[in-house]
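> structure for this input, please:
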Amino acid sequence: MAQLQFKLDSKIGPLYVVTSEKGLRGVFWTKQKVPMSLVLDGSLPEVKNMTKAINEISEYLEGKRKKFDLLLDIEGTEFQNKVWTELLKIPYGKTRSYKEVAQRIGTNGIRAVGTANGKNSLCIVVPCHRVIATGGGLGGYSGGLDIKKRLLDLEQGNNL
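Numbering: from 1, shown residues only. Purely as a prediction, here's the structure:
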């Protein structure tokens, strides 16, 4: 399966976007072991998916997009996929606790939900930043708590 990577320089730092012919495979904070794409034009499906992903992520970070309309090519366990599907249901500007996510998917495994959240390869698009601790604390985030707070602030109408 052909995959491409593109480095998106954003207001919150570099994002490494990875696509395949099936859709978006990852949005990472560090460079991945996938070929870098220097050109974003062409007729290949992975290039079309990359162009759309870069545009939509950029619009989100500018406060112009609240919902993504991307094909996703995400791989995980059955449990991880349940968690990630639930994350996609959290509305823009809202948060859920790890406990609430666990309850919504029918488990008491709050820590397992946190672990699945941390394995999410589509940060921002699959909004793991919207999951917080029960007491209102930020919890964790693969991009760091400062970026998590900035994303949550963005969704409350503040600029990055």
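
> how about the contacts made by the residue nearest the centre of the chain?
Nearest to the geometric centre of the chain sits Cys123, at 2.1 Å (Cα atoms, centre = their mean). Cys123 makes contacts with 27-29, 129, 142-143, as judged by Cβ atoms under 8 Å, 6 or more residues apart in numbering. (Each C-beta comes from the backbone N, C-alpha and C, glycine too.)

> can you tell me which of the residues you listed is nearest Leu61?
Among the contacts of Cys123, Val27 lies closest to Leu61 (Cβ to Cβ), at 11.1 Å.

> what sits opposite the closest one in the beta ladder?
For Val27, the beta-bridge partners under DSSP bridges are Val17, Leu122.

> and it, how far from Ile110?
If you measure Val27 against Ile110 using Cβ to Cβ, to the nearest Å, the figure is 25 Å.

> settle it for me: which of these two has more neighbours?
Neighbours were tallied for Val27 and for Ile110 using other Cβ atoms under 10 Å; the higher tally belongs to Val27 (20 against 17).

> could you say what helices and strands the biggest helix by length in the chain packs with?
Looking across the chain with DSSP state H, the single longest helix is helix 45-61. Secondary-structure packing of helix 45-61 (3 or more Cβ pairs under 8 Å, 6 or more residues apart in numbering; DSSP states H and E): strand 3-10, strand 13-20, strand 24-28.

> tell me which residues of that helix come out buried.
Buried residues in helix 45-61, counting neighbours by 16 or more other Cβ atoms under 10 Å, are found at 46-54, 56-57, 60-61.

> please apply the same query to stretch 117-136.
Buried residues in stretch 117-136, counted by 16+ other Cβ under 10 Å: 117, 120-132.

> need these in TSV with distance to Lys149, can you?
Below are the buried residues of stretch 117-136 laid out as TSV (distance: Cβ to Cβ, whole Å):
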residue	distance to Lys149
Asn117	16
Asn120	18
Ser121	21
Leu122	20
Cys123	14
Ile124	14
Val125	19
Val126	19
Pro127	14
Cys128	14
His129	9
Arg130	12
Val131	13
Ile132	10
